[in-house]
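>>> whatever this is, show me its structure:
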Amino acid sequence: MTDLRQGVAPITHEVLDEIERAIAKFPTWPTDPLHALAVLGEEFGELTKAVLQSVYEPHKSTPADVRAEAIQTAAMALRFLHSLDRYAYQPGAQHVQGFEDNPSDGPCLACGGRGWFADDMMGSGFSDCKACGAEGVRP
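Model (predicted):
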């Protein structure tokens, strides 16, 4: 197998070093792609904060901080990318929320609760499920 470090820019070595550090600290990676994306998003958020502070509050962040956060973000992007074929692309468990105040609203029974009926603006109780289009009247 070819060494990935041959012939690449020094910054790439830093990103690969960061991946190694991250895997040593957190050897597992989410199987759910949304949780994996959240890890990447958290790093991107830290990069965003470092850039904003570097521009508007330079006493809180420096270009060196921006660089460090950018390397960490790149490392997490590569970890995310590396697992694309291992993710479980399935919807997570969900629950209905916010229907306590309006009993005419509720989960759609036609599609197993993926969508819901919501009382229309005129209060007639007629509406279509937003997920499957089923028509119905909610009590």
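>>> hmm, residue 66 is touching residue 54, no?
Yes. Judged on CB atoms under 8 Å, residue 66 makes contact with residue 54 at a distance of 5.4 Å. To be clear about C-beta, it is placed using only N, CA and C from the backbone, and glycine gets the same treatment.
>>> biggest helix in this protein, by residue count?
When the chain is parsed with DSSP state H, its longest helix is helix 33-56.
>>> got the buried residues for that one?
33, 36, 39-40, 43-44, 46-47, 49-51, 53-54 (16 or more other CB atoms under 10 Å).
>>> where do the helices of this protein begin and end?
10-25, 33-56, 63-82.
>>> and the last one, what does it pack onto?
Applying 3 or more CB pairs under 8 Å, 6 or more residues apart in numbering; DSSP states H and E, one finds that helix 63-82 makes contact with helix 10-25, helix 33-56.
>>> could you dump the ones you listed into a markdown table with distance to residue 91 added?
As requested, the helices and strands packed on helix 63-82 are exported to a markdown table (distance: least, CB to CB, whole Å):
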| stretch | distance to residue 91 |
| --- | --- |
| helix 10-25 | 28 |
| helix 33-56 | 9 |
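>>> same list (those helices) but as TSV, adding mean pLDDT and distance to residue 86.
Shown next, in TSV, are these (pLDDT from 0 to 100; distance: least, CB to CB, whole Å):
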stretch	mean pLDDT	distance to residue 86
helix 10-25	95	15
helix 33-56	98	9
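>>> any idea which of these gets closest to residue 80?
Nearest of the helices and strands packed on helix 63-82 to residue 80, taken as CB to CB: helix 33-56 at 4.9 Å.
>>> still on that earlier bit, with respect to residue 95, which of the helices of the chain lies nearest?
Comparing those by CB to CB, helix 33-56 comes nearest, at 16.2 Å.
>>> other residues contacting the closest one?
Helix 33-56 has contacts (CB atoms under 8 Å, 6 or more residues apart in numbering) with 29-30, 60-63, 65-66, 68-70, 72-73, 75-77, 79-80, 83, 87-89, 92.
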